[in-house]
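**Q** need coordinates for the following:
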Amino acid sequence: DLRTSKPENFSSLYMDKLLALQDIYNNVDEVGVKTQIEDDMAAMYRHATFNLNPRATSIDTPLHAYIPYKHVDHMHPNSVIAVAASKNSKALTDKIWGR
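**A** Numbers count the residues shown, from 1 in each chain. Sure thing, here's the model as predicted:
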């Protein structure tokens, strides 16, 4: 809950060390939804921990770290996820939002 979170609730990483892991993340043979690299990377983040911070990093760390913008709105819009995950997602998307 971002409303009540404090800095100590978040993991902290050295950005240069995290960026050094980017090549490993980007150069795997198997890509897609939930591949082994996600779990492998989560274990490697410990090597980039700043100030011995005990907070665990998130599986979403690459989303926030490797996208070259100052801010990333990472939301979980259940309605959009439901459409995207449906059997006829393309047709349903076209029906709802158009081409």
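**Q** surely residue 30 and residue 40 touch.
**A** No - between residue 30 and residue 40 there is no contact under C-beta atoms under 8 Å: 11.0 Å. Every residue, glycine included, has its C-beta placed from N, CA and C.
**Q** okay, now the unreliable bits of the chain?
**A** 1 (pLDDT under 70).
**Q** next up, the contacts around the residue positioned nearest the centre of it.
**A** The centroid of the chain falls nearest to residue 60 when counting by C-alpha atoms, centre = their mean (2.2 Å). Counting by C-beta atoms under 8 Å, 6 or more residues apart in numbering, residue 60 makes contact with residue 74.
**Q** what's near enough to touch residue 64?
**A** 58, 72, 74.
**Q** same question for residue 45.
**A** Residue 45 neighbours (C-beta under 8 Å, 6+ apart): 11, 13, 18, 21, 57, 61.
**Q** distance of it relative to residue 22?
**A** Applying C-beta to C-beta, to the nearest Å, the value for residue 45 to residue 22 is 12 Å.
**Q** ok, now residue 75?
**A** Relative to residue 22, and taking C-beta to C-beta, residue 75 is found at 23 Å.
**Q** kindly report the same for residue 42.
**A** 15 Å.
**Q** repeat that for residue 97.
**A** Taking C-beta to C-beta, one finds residue 97 at 33 Å from residue 22.
**Q** nothing else from me, thank you.
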